[in-house]
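Undergrad: whatever this is, show me its structure:
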Amino acid sequence: MAALSGKIIQNAFLAQHRPQARHSTRYPSDFCALDTRSVHSFQERRLRLAGTSAKWLNTISTAWISSSKQAYISCNAAQGSSVVSSSAKVDFLKLQNGSDIRGVAVGGVEGEPVNLTEPVTEAIASAFAAWLLNKKKADGWRRLRISVGHDSRISAHKLQDAVTLGITTAGHDVLQFGLASTPAMFNSTLTEDEINHLPVDGAIMITASHLPYNRNGLKFFTSAGGLNKADIKDILERASRIYEDSSHGSTQELEQASKGEVSNVDYMSIYASDLVKAVRKSAGNKEKPLEGLHIVVDAGNGAGGFFVDKVLKPLGAITTGSQFLEPDGMFPNHIPNPEDKTAMKAITQAVADNKADLGIIFDTDVDRSAAVDSSGRELNRNRLIALMSAIVLEEHPGTTIVTDSVTSDGLTTFIENKLGGKHHRFKRGYKNVIDEAIRLNTIGEESHLAMETSGHGALKENHWLDDGAYLMVKLLNKLAAARILNPNVGSKVLTDLVEGLEEASVTVEIRLKIDQNHADLKGGSFRDYGEAVLKHLENSISKDEHLCKAPKNYEGVRVSGYGGWFLLRLSLHDPVLPLNIEAPSKDDAIKLGLAVLTAVSEFPALDITALNKFLQQ
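TA: Numbering: from 1, shown residues only. The predicted structure is shown next:
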C-alpha cells in the first residue's frame, strides 16, 4: 500500500472514526466493488488505507448501496481530480444559474478551473436536505427520502457519490436512480409506490443540460415542482456555512445524527410505463396503437435512449435507424440540443435515410425535445409551440398560451386568429414562463401551456413540469388517436395542425457583448449599463414613424416595423444584449438592424462587431 499512483486500490479497510475535516477527502469517478455483509451506517464505511499516515489519502471515497441486508462499498483512485482543499474559500453564490446550479466539474479546459468539486457538491446536497426539512415544516427533526439521478456526463458518478454522502451524513435516506431524466426526477416526488419507497420528499438531478462535457450542475425538485431563484440562493448560502463549519472541524451536529441509508431503484422503468399508459389511453386502450409507424429517436448520447425500448417499442412502433442512444458524456456525435443546427440536421437525415414517419430528438436530460415530420420539416421553436398550441386548444378552447419573449408575430396571429386562443408573451427563461402561466391561473385567466422556443414546454395537466418526453407523448397521442380512424395515417396529421403558421424569411440572433472593463462603465455594473442602452433605444424608437414599440412587453425593447420585428434584451446572467430580428426579406431585416445600430452606437462599451457584420453581408 506504499505507492498507489492512480492504480485501483486493492485493499481497503473500514474507517473506525470520522475525519475532522470532511473536505480533505477526495472522490473517485469510477468504482470497484467490495462486498460486506455487515450493515452499518454510511459514515462508518468511509475507507482508510492500511499503512497511511494520519492524513487521509487523497484518492479514496466510498459509495454504499443498501439492498435487502447487504451493503456494497466501492472505491477507486480518482484520476486527474481537481478538488478545493479544506482551507480554500469557495464563492458558492457564483454557482447559481437562475433556478439551477452549474459549474465546472472536470479539469483540462484552459481558463475554466474546477469549482463544482465533490466537497462543494456534498455541502450543497446537505444544504438541500436542511432546506427541505425546513420546507416540510416538520416538528423537530425527521428522516427524509431524497432521490438522486444523473445524465450521461463523465463527472456524473463522482458527483452522485458526493450528493449521496452529503444527504446520508445529514441523516437522511437516498434513492439512487442512476441514469435518469430531469422530468423523471420530479415525477418521483409524486409517484405512489410503497415497494420502491415512493414518493420521495425531494429530488436532485445531476445535469448541465447541453453544456460542454466539463460542466455539470444540480436541479432540485419537491412535489410542488422545481425550485426558484430565491430557493437556490438560500441553499447555496446554507452550503457555504456547512462547508466552512466542516472545514474547521465544526461537525458536532452531523456526528450526533443517525446516518441515512441508500437504495437502488429502477425508476426510469416506472416513469416510462406511465408514458406508455398515456398513449394507450388516448387510443382507446389499444395495446399497440403505434403499430406500423416508423419513428426514429436521436438521444444525442444523453439520457433519452430509454424512449426507444421503454416507450416506443411497447407501443408497437418500428424504431430502426434510431441513433446515439448510448450514454456518452463526451457527446461525440453532436451537441444534444434541439436548438442546435447540427443536431437538427442529424435527426432530419435519419428520418430521410430510414423513410421514417417521424423523428424525435431530445436534449441531454430530456426536459427539451423537438420533432421532424416525414417530409423533413423541423417541428421545433415556433413550429413546435404552434403544434402544441393546436393540440392544447383543441382540448381547452380559448386558453392562454404563455411563451418567452422571442416568439414570432406569426405565432401570435396563428394562436389568436386561427386557433382562437390568447398569446401571452413573457420573459425568457423556462421557469419565468412556467411561473407566469401558474400566476395567470391564480388570477382567473386559464392557461394550460407554457413554452419556450428552446424546447422547454410545460402543461398544466402534467403538474407544470417541462418534460421533453411528455411533449412527444402528446404528439404520439394525436397520432394514435388518428390511426384509430385511419390506420395508414402518418405524421402529416401533425404537420396539418401547423398549416397557416406565418414564418419569417429572415431570422437572426446577434449577441452584443458589454466590455465590463471599459472606462464607459465608470465602475458600474454591466446590468446598469445594459439597462441604459435599452432606455436610449426606447427613446430613439419613439421618434421613428416607421417603427412601433410593442404595447405589452415584459422584457427588453420589442419593436415592429418593415413587416417584421426586433427585440433587444439584456441576458439573464451574462454581460450580453441579444438582438433578435425577424423580417420578410433581408432588406427589411437590415432596416431594422440599422435602427438598432443608430441607437446603440453611442455606447462605446458595447461590442457591435457582430451587428455590423450582419448589416454588411
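
Undergrad: going by C-alpha atoms from here, please, whenever you check contacts or count neighbours.
TA: OK.

Undergrad: please write out the alpha-carbon positions of the one helix or strand Ala370 maps to in CSV.
TA: Using DSSP states H and E, Ala370 maps to strand 369-373. Provided in CSV are the C-alpha atoms of strand 369-373 (Å, rounded to 0.1, in the frame of the first residue of the first chain):
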residue,chain,number,x,y,z
SER,A,369,-37.4,18.0,-27.3
ALA,A,370,-38.2,18.6,-31.0
ALA,A,371,-39.5,16.5,-33.9
VAL,A,372,-39.2,16.1,-37.6
ASP,A,373,-42.0,15.0,-39.9
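
Undergrad: pairing partners for that strand, with directions?
TA: strand 358-362 (antiparallel), strand 378-379 (antiparallel) (DSSP bridges).

Undergrad: winner for burial among those?
TA: Burial of the strands paired with strand 369-373 is given as mean neighbour count (mean count of other C-alpha atoms under 10 Å); strand 358-362 ranks first at a mean of 28.

Undergrad: just how off-centre is that strand within its chain?
TA: 18 Å (C-alpha atoms, centre = their mean, to the nearest Å).

Undergrad: quick one: the residue nearest the centre of the chain and Lys552, what's the gap?
TA: Among the residues of the chain, the one closest to the centroid is Ser209, at 4.6 Å (C-alpha atoms, centre = their mean). Between Ser209 and Lys552 the computed distance is 31 Å (C-alpha to C-alpha, to the nearest Å).

Undergrad: how about Thr319?
TA: 45 Å.

Undergrad: which one of these two has more residues nearby?
TA: Remark: of Thr319 and Lys552, Thr319 carries more neighbours, 19 against 10, as counted by other C-alpha atoms under 10 Å.

Undergrad: show the model's pLDDT score for the more buried one.
TA: With respect to pLDDT, Thr319 scores 98.

Undergrad: now do the same for the closest residue to Phe603 other than its chain neighbours: helix, strand or coil?
TA: Setting aside the residues directly before and after it, Phe603 is nearest to Val533 in space (C-alpha to C-alpha, 6 or more residues apart in numbering), at 7.2 Å. Per DSSP: H, G, I helix; E, B strand; the rest coil, the local secondary structure of Val533 is helix.

Undergrad: from memory Val533 sits against Leu597, does it?
TA: No - in this structure, Val533 is not within contact of Leu597 by C-alpha atoms under 8 Å, at 11.2 Å.

Undergrad: give me the more crowded residue out of the two.
TA: Applying other C-alpha under 10 Å to Val533 and Leu597 shows that Val533 carries more neighbours, namely 21 against 16.

Undergrad: just the helices in the stretch 201-350 of the chain please.
TA: Secondary structure of the stretch 201-350 of the chain (DSSP state H, counting those that start in this stretch): helices at 229-247, 252-256, 267-282, 306-307, 341-354.

Undergrad: any weak-confidence spans in the stretch 501-617 of the chain?
TA: Applying pLDDT under 70 to the stretch 501-617 of the chain flags no residue at all.

Undergrad: just the chain next, same as before
TA: Ranges of the chain meeting pLDDT under 70: 1-88, 138-140, 248-257.

Undergrad: how's it carved up into domains?
TA: Here the domain assignment for the chain is 2-265, 270-497, 506-616, based on automatic domain parsing.

Undergrad: what is the end-to-end distance of the second one?
TA: End-to-end distance of domain 270-497 (C-alpha to C-alpha): 32 Å.

Undergrad: same thing with the shortest one?
TA: End-to-end distance of domain 506-616 (C-alpha to C-alpha): 15 Å.

Undergrad: so Ala386 sits against Ile415, correct?
TA: Yes - using C-alpha under 8 Å, Ala386 is in contact with Ile415, at 7.1 Å.

Undergrad: how about Asn382, what does it touch?
TA: 407-408, 411, 453 (C-alpha atoms under 8 Å, 6 or more residues apart in numbering).

Undergrad: ugh, wrong one, Ser491
TA: 357-358, 373-374, 479 are the contacts of Ser491 under C-alpha under 8 Å, 6+ apart.

Undergrad: go again using 6 Å as the cut-off
TA: By C-alpha atoms under 6 Å, 6 or more residues apart in numbering, Ser491 lies in contact with 357, 373.

Undergrad: buried set for the strand holding Ala370?
TA: 369-373 (16 or more other C-alpha atoms under 10 Å).

Undergrad: farthest pair within the residues you listed?
TA: Farthest pair in the buried residues of strand 369-373 (C-alpha to C-alpha) is Ser369 and Asp373. Separation: 13.7 Å.

Undergrad: now tabulate the strands paired with strand 369-373 in CSV and tack on distance to Lys460.
TA: Below are these laid out as CSV (distance: least, C-alpha to C-alpha, whole Å):
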stretch, distance to Lys460
strand 358-362, 21
strand 378-379, 22
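
Undergrad: of those strands, which is nearest Leu290?
TA: strand 358-362 (11.5 Å).

Undergrad: count of residues packed around the nearest residue to Val296 once chain neighbours are set aside?
TA: Nearest non-adjacent residue to Val296, counting by C-alpha to C-alpha, 6+ apart: Ser322, 4.5 Å away. By the measure other C-alpha under 10 Å, the count of residues near Ser322 is 21.

Undergrad: my guess is Ser322 meets Ile295, correct?
TA: No - using C-alpha atoms under 6 Å, Ser322 is not in contact with Ile295, being 7.9 Å away.

Undergrad: OK, contacts around His448?
TA: If a contact means C-alpha under 6 Å, 6+ apart, then His448 has 459-460 as its contacts.

Undergrad: that one in helix, strand or coil?
TA: Under the three-state scheme (three-state DSSP), His448 adopts strand.

Undergrad: I'd like the distance between it and Leu592.
TA: 34 Å.

Undergrad: same check on Asn580?
TA: From Asn580 over to Leu592 (counting by C-alpha to C-alpha), the distance is 10 Å.

Undergrad: which of these two has more neighbours?
TA: Leu592 (25 against 20).

Undergrad: in space, what's closest to the more buried one - neighbours in sequence excluded?
TA: Phe566 (6.8 Å).

Undergrad: so what sits opposite the one you found in the bridge?
TA: Val559, Ile581.

Undergrad: how many other residues sit next to it?
TA: Neighbour number of Phe566 under other C-alpha under 10 Å is 26.

Undergrad: for the remainder of this discussion, apply numbering that starts at 231.
TA: Shifting the count to begin at 231 puts that one at Phe796.

Undergrad: ok, it - contacts?
TA: 788-789, 810-811.

Undergrad: just the buried subset of the residues you listed, written out for ChimeraX, thanks.
TA: Paste this into ChimeraX to select the buried members of the contacts of Phe796, with burial taken from 16+ other C-alpha under 10 Å:
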select :788,789,810,811
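
Undergrad: export the contacts of Phe796 as TSV, with columns for distance to Glu556.
TA: Listed next are those as TSV, based on distance: C-alpha to C-alpha, whole Å:
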residue	distance to Glu556
Arg788	42
Val789	45
Asn810	35
Ile811	38
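
Undergrad: for Gly532, give me its contacts.
TA: 382, 557, 594.

Undergrad: neighbour-wise, which of those residues leads?
TA: In terms of neighbour count, Thr594 stands highest of the contacts of Gly532 at 31 neighbours, by other C-alpha under 10 Å.

Undergrad: wait, that residue touches Ala438, no?
TA: No - the pair Thr594 / Ala438 is not scored as a contact, 8.2 Å apart, by C-alpha under 6 Å.

Undergrad: shared neighbours of the two, anything?
TA: By C-alpha under 6 Å, 6+ apart, no residue touches both Thr594 and Ala438.

Undergrad: which residues in the stretch 681-830 of the chain form strands?
TA: Using DSSP state E, counting those that start in this stretch, the strands of the stretch 681-830 of the chain run over residues 687-689, 695-696, 736-744, 778-779, 787-791, 794-798, 806-813.
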